[in-house]
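Student: Return a 3D structure for these sequence lines:
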Amino acid sequence: MKKFFGHIIGYFRESLVELSKVVWPTRKQVLEMTLAVLILAAFIATLLGVFDYGLQEALKQLLKLK
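Tutor: Numbers count the residues shown, from 1 in each chain. Take a look at the predicted model:
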């Protein structure tokens, strides 16, 4: 049982050591990356919306022909 808890304590100690090595982004970097993600998401949503609308209209025209 001691060995089991020793492993758990060792795991948390190693986790803390690894977390101390992390280089955290600055507030400015986080805001810039967030803005980039939002812009990209809006662009992709618009692109998919345009494709969806185009395919929908093409399908309507195709079904009218028959």
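Student: residue ranges with poor pLDDT in the protein?
Tutor: In the predicted model, the chain carries pLDDT under 70 at residues 66.
Student: Provide a list of residues in contact with the residue nearest the centre of the chain.
Tutor: Residue closest to the mean C-alpha point of the chain, counted by C-alpha atoms, centre = their mean, is Val37 at 8.4 Å. Residues counted as contacts of Val37 (C-beta atoms under 8 Å, 6 or more residues apart in numbering): none. All C-beta atoms are positioned from the backbone trio N, CA, C, and that covers glycine.
Student: what's the distance between it and Val30?
Tutor: As for Val37, its distance to Val30 is 11 Å (criterion: C-beta to C-beta, to the nearest Å).
Student: Then Ala41?
Tutor: In terms of C-beta to C-beta, Ala41 sits 16 Å off from Val30.
Student: And for Ala45?
Tutor: For Ala45, the distance to Val30 (C-beta to C-beta) stands at 22 Å.
Student: Then Phe12?
Tutor: 27 Å.
Student: all helices of this protein, in order?
Tutor: 2-20, 27-65 (DSSP state H).
Student: I'd say Pro25 and Thr34 touch.
Tutor: No: taking C-beta atoms under 8 Å as the definition, Pro25 is not a contact partner of Thr34, at 10.4 Å.
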